[in-house]
Structure formats: structure tokens, C-alpha cells
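Colleague: return a 3D structure for these sequence lines:
(one chain, ligands or ions: 1)
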Amino acid sequence: MIQPFGTATDIAAAVRSGQISASFVVDQHLGQIAQLEDEICAFNIVTVEQARSRANEIDAQIAAGEDPGPLAGVPVALKDNLCTRGIPTTCSSRILEGWKPPYDATVVELLHQAGAVIIGKTNMDEFAMGSSTENSAFRPTRNPHNLSRVPGGSSGGSAAAVAAGFTPIALGSDTGGSIRQPAALCGVVGVKPTYGRVSRYGLVAFASSLDQIGPFTKTVADAALVTDVIARPDGRDSTSISEPAQSTARVLHEGVAGLRVGVVAELCGEGIDSDVAARLQEAVAALEEAGAQIGQASVPAAIYGLSAYYLIAPAEASSNLARYDGVRYGLRVAANSSPAMNIATRSAGFGEEVKRRIMLGTYALSAGYYDAYYGKAQKVRTLIIQDFAQAWEEFDLLLSPTSPTTAFLLGERTADPMAMYMSDVCTVPVNLTGQTAMSVPYGCGDDGLPVGVQIMAPALGEPVMFRAAAVLEASL
Ligand code: GLN
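Modeller: Numbering: from 1, shown residues only. The predicted model follows:
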């Protein structure tokens, strides 16, 4: 699918220098949306009026000789689990019907301060639970590269919006892979920052010990640009890292000469399609060619990542989603008593997958099962952290595929939750450890659909991770 417009970096430079107006840029992207959105369904809402008036503001700033900031006039789409003041925030769930947050998420404030133009809220798996965006209560999003395929999930709308040229930047959230996996399937760049690096204030909570916000972009340089804008300490998120972030944009061209790069054996074997494995090998060769030292890395406990994740994430979700009681947010289904209202609201408001997670999580946390399930999963989490710590003694970066397969068909995995969960096998370990990772597009599979390579770095290793990403991008 055509991508007629510039990168975020180009747009911001052109707007700041007065070459083009922010209004022109917004209209261009709204035009692209008008043309293709009916087929792709990336958005829950396109905020046309707000975007136009915001663009006018930017243009007025330019006319007055002010600098709107590093994202001057750049359209941004937000996953619909990021709070936007006065604009519906649905998490693609019926239960939030009609709810308009009274405040903006910290990332939304930061984008605004940097001169960005919010153009809409993107479709997602309900409450970010899923890997295909088919769990949206509204409608599935389609992959811009092939409309019969899923865009991945849960941030499928954001990934598709960037791939379709609707916006140069979208934000998503990544609890177990929800930025990286859709980025891979849609052929765009997706970044999960270190846990605590980007404020979660105003991100609707799924699994609080795993959730992170990050960008989707067409290029590595754009991803660095956005990461530098949103990676800030924030007193409103108690897990926010208080030290300032190191710039990723500034080191982008430092290369990988002398860096030690390990290919994670446990994430490259069984279950990975051969065309995906072949692209990974080509990426490895490109890094070696650029001067990196390549080796085999082993993170033995990573194979238990999926099992631990699918206990810990539902456990945290069952607690986080208890707040949707028919009183405080959105939907209320009337009934004779308060408990009956509560049950009726939750029964009608939550979809199948969300209910499945709440039940799994409640079970894993219940007396008598806590030690066997939740407690055990936490121990496995510690083992994974220890195994990675050992790998970091030998390597600066680790590599794996992002997703075991290219984009699958709509409907292909909906009847089989286990098959759907397997999509996350390569991405969840990094959420359990809190490290940073990103997906970089690297060629296509036998079906002609995009393949992503995952680069993992230790906590706060974003600068070195971006250096490798830039080398991979340039090698294509
Ligand atoms: N696909 C995973 C899940 O369903 C990850 C979701 C996410 O990262 N938000 O839980």
C-alpha cells in the first residue's frame, strides 16, 4: 500500500522552517484516511475538528516566530486505552461506552508540548487482551498489506494506521508484545521502552507490572524522535524512573562495531516459521558485516515465559478490571440491587476474552491455588530475570524473531486461545524482565508479508538498541 507522505522527521523539519503548514499536513493525512479507512478500520474515532484546530494553532505559532517543538505539525494516532481529555476512551470495550476521561495521559501532554497533532484513537483488542485486534468489541482491523490478514494485536489499529499512511506516528501499549508483534506483522518499527521509562499515567491498566507505552513509526529515526519526547520522569506514575533518559536520536548513527550481539537459541527454534528464521539470519549477517561480534546466547527459562505471563497478566488484570462496576465508568445495566446491577453490567460490558482472563486471573489468585499458580509464576519470572542477567554479562544486545509467523488470516486463531497466545512467545520474556526491546521490519516471508526482527537490550539500553536498529534499517 502506498505511503505518500514524509516521515515525522521530515514533516517536523518542513513545518518548523515554514516550508509547509501543519494544516496542509493534517488535511493530507485525513484525505488518506477518508480514502482507505473503510477497508482497514484502524480507528475508533478520527478527531477531525480537534486535529484541524490544533494544526491552525501550530501554524499560528510558526507565523508568530515561535517554535512548536520537535514534532511540529506531526499527526499522531493514539491507542484507545490512552486517556484523552473530553475525547471518548473506550479500550474497544462496551463497558466504557460513553466515558470521556477528565484528563490527558502524560504521554498525550508530552506529545502536545512537542507540537504534535492528535488525529484519532485507534482500535485494539478489548483492554489490550489479544494478538490480532479481533477481540475489539467494535470490529476487527485489517492488515494494510493484505486485507484478509490480521494486523496483529493488541495495538493493531496503531500499527495499521502507520502502515496505511494514515499517520507517521502512533502510540500503543505493550504488556506482552502488543507493540512489537503488530509492528512486525504490519512492517513498521515498534518500540517497547524499559519498564518505568515512559509514564503509565493515563494508560488504562491491564497488567500494571508489565504495561509500557511506546511508538509505532515507519523509520527508526522517527521512533527515536518520539521515544526522546515521551521517555521522561513523571511523579504521577510511582514506577517512573526518576533519572532523565539518554537521547536515542543523538546516538543513532554510531553503528555497531565491536558490539556483542547474541542470538537467543530458545526463541529461535521450534515453532518459528522457516522464512521468518531466514530473515533473522540475514539480519544477523548484516550486523556482523557492520562490525558486530555475533554469538549464540542462551536464556533457558525464556521457554517458560508464556506460561508465567498467562498467569501473571490475567491475575493483575482481574484486579485492575474490578473497577468497572457500573458505578464509576461508562456502561450501567439497571437491575434491582446493587450486586445484580454489577453482575448485569459486567456480563453485558465485557467480551469473551476479557471474561476468560478475569476468570483465569481470579482462579490463579484464589486461596488454595495462589502458591501453585500465581506464586509459581512469580518464581519463574525471577528465573527469567536471572537468566537474562547472565546473558547480559556476555552480550550487549540479543536478537530473536518478533513473531513466529507473518500475519495470519482473520478468524484463523479466534477459536483456539492457545494458538493465539503462541503469537507472543518471543515477546513476553522482555515484559517479565522489564527490559527494552523493539521490532524492526526485515524483509518479507514466503507469502510476501512483512517479517520483524526483535532487538532486545538491558534495562535503559535504548540508545544501544536504536544503534543496531538503524544499522538493520540501512542494510535493507
Ligand atoms: N497478546 C498478549 C495478550 O493477549 C499481549 C497483550 C499486550 O501486550 N497488551 O495478553
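Colleague: do stretch 398-409 and the ligand meet at all?
Modeller: No: against the ligand, stretch 398-409 shows no contacts by Cβ under 6 Å from any ligand atom, the least distance being 10.6 Å. Backbone N, C-alpha and C define where each C-beta goes, glycine included.
Colleague: need the CA coordinates for that stretch. CSV is fine.
Modeller: Only the C-alpha atoms of stretch 398-409 are listed here, as CSV (Å, rounded to 0.1, in the frame of the first residue of the first chain):
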residue,chain,number,x,y,z
LEU,A,398,20.1,-10.0,22.0
LEU,A,399,18.1,-10.9,18.9
SER,A,400,15.2,-13.1,18.0
PRO,A,401,12.2,-13.1,15.6
THR,A,402,9.5,-10.8,16.9
SER,A,403,6.6,-13.1,15.8
PRO,A,404,6.9,-16.8,14.9
THR,A,405,4.9,-16.2,11.8
THR,A,406,3.9,-13.4,9.4
ALA,A,407,0.3,-12.0,9.6
PHE,A,408,-2.3,-14.8,9.8
LEU,A,409,-5.8,-14.9,8.4
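Colleague: what pLDDT is listed against the nearest residue to residue 247 once chain neighbours are set aside?
Modeller: Excluding the flanking residues, the one nearest residue 247 by Cβ to Cβ, 6 or more residues apart in numbering is residue 228, at 5.4 Å. The model reports residue 228 with a pLDDT of 98.
Colleague: contacting residues for residue 228?
Modeller: Contacts here follow Cβ atoms under 8 Å, 6 or more residues apart in numbering; on that basis residue 228 touches 70, 245, 247-249.
Colleague: close enough to count as contact, residue 284 and residue 399?
Modeller: Yes: between residue 284 and residue 399 there is a contact under Cβ atoms under 8 Å: 6.5 Å.
Colleague: neighbour count: these two, which is higher?
Modeller: Set side by side, residue 284 and residue 399 show more neighbours around residue 399, with 25 against 19, by other Cβ atoms under 10 Å.
Colleague: may I have the secondary structure class of the more buried one?
Modeller: Following DSSP: H, G, I helix; E, B strand; the rest coil, the label given to residue 399 is strand.
Colleague: contacting residues for it?
Modeller: So residue 399 contacts 261-264, 280, 283-284, 287, 453-456 (Cβ under 8 Å, 6+ apart).
Colleague: what separates it from the ligand, distance-wise?
Modeller: For residue 399, the distance to the ligand equals 20 Å [Cβ to the nearest ligand atom, to the nearest Å].
Colleague: which neighbours do residue 284 and residue 399 share?
Modeller: Common contacts of residue 284 and residue 399, defined by Cβ under 8 Å, 6+ apart, comprise 261, 263.
Colleague: did I read that right, residue 213 in a helix?
Modeller: No: assignment of residue 213 by three-state DSSP gives strand, placing it outside any helix.
Colleague: which residues touch it?
Modeller: Residue 213 sits next to 82, 105, 107, 171-174, 193, 198-200, 203, 230 when contact means Cβ under 8 Å, 6+ apart.
Colleague: if we can go back for a sec, just the contacts of residue 399 now: which is nearest the ligand?
Modeller: Ranked by distance to the ligand (Cβ to the nearest ligand atom), the contacts of residue 399 are led by residue 454 at 13.7 Å.
Colleague: measure the residue nearest to the spatial centre of the chain to residue 351 for me?
Modeller: Closest to where the C-alpha atoms of the chain average out (Cα atoms, centre = their mean) is residue 179, at 2.3 Å. Distance from residue 179 to residue 351, counting by Cβ to Cβ, to the nearest Å: 21 Å.
Colleague: same question, residue 214
Modeller: 25 Å.
Colleague: do residue 301 as well
Modeller: Counting by Cβ to Cβ, the gap between residue 301 and residue 351 amounts to 32 Å.
Colleague: over to residue 460. Which of the three states is it?
Modeller: coil.
Colleague: phi and psi next, for the closest residue to it other than its chain neighbours.
Modeller: Distance criterion Cβ to Cβ, 6+ apart; nearest residue to residue 460, sequence neighbours excluded, is residue 194 at 5.3 Å. The phi/psi pair for residue 194 (degrees, to the nearest 10) reads phi -50, psi 140.
Colleague: burial measure for residue 194, as a count.
Modeller: Residue 194 has 23 neighbouring residues, counting by other Cβ under 10 Å.
Colleague: how about the one 4 residues further on?
Modeller: As a burial measure, the neighbour count of residue 198 was computed by other Cβ under 10 Å and equals 31.
Colleague: find the nearest non-adjacent residue to it, please.
Modeller: Going by Cβ to Cβ, 6+ apart, residue 198 has residue 213 as its nearest residue, at 4.7 Å.
Colleague: pLDDT score assigned to the one you found?
Modeller: Reported pLDDT for residue 213: 98.
Colleague: where's it relative to residue 229, distance?
Modeller: Taken as Cβ to Cβ, the span from residue 213 to residue 229 is 12 Å.
Colleague: who are the packing partners of the helix or strand bottoming out on mean pLDDT in the chain?
Modeller: When each helix and strand of the chain is scored by mean pLDDT, DSSP states H and E, helix 417-421 comes last, with a mean of 91. Judged by 3 or more Cβ pairs under 8 Å, 6 or more residues apart in numbering; DSSP states H and E, helix 417-421 is in contact with no other helix or strand.
Colleague: identify all contacting residues around that helix.
Modeller: Contacts for helix 417-421 (Cβ under 8 Å, 6+ apart): 130-132, 306, 310, 353, 356, 413-414.
Colleague: now the residues you listed: which count as buried?
Modeller: Those of the contacts of helix 417-421 that meet the buried threshold are 130-132, 306, 310, 353, 413-414, by 16 or more other Cβ atoms under 10 Å.
Colleague: which of the residues you listed fall in helices?
Modeller: Judged by DSSP state H, the buried ones among the contacts of helix 417-421 include 306, 310, 353 as members of helices.
Colleague: take the residues you listed and write them to CSV, including distance to residue 11 and pLDDT.
Modeller: Shown next, in CSV, are these (distance: Cβ to Cβ, whole Å; pLDDT from 0 to 100):
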residue, distance to residue 11, pLDDT
306, 39, 96
310, 40, 97
353, 37, 97
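Colleague: quick check, nearest of these to residue 124?
Modeller: The shortest gap between residue 124 and any of these belongs to residue 353, at 11.9 Å (Cβ to Cβ).
Colleague: and the nearest residue to the closest one once chain neighbours are set aside, how far from the ligand?
Modeller: Distances taken as Cβ to Cβ, 6+ apart place residue 135 nearest to residue 353, at 4.6 Å, with adjacent residues excluded. Shown here: residue 135 relative to the ligand, a distance of 8 Å by Cβ to the nearest ligand atom.
Colleague: contacts only, for residue 135.
Modeller: Per Cβ under 8 Å, 6+ apart, neighbours of residue 135: 92, 125-126, 129, 153-154, 351-354.
Colleague: distance-wise, check it relative to residue 86.
Modeller: In terms of Cβ to Cβ, residue 135 sits 27 Å off from residue 86.
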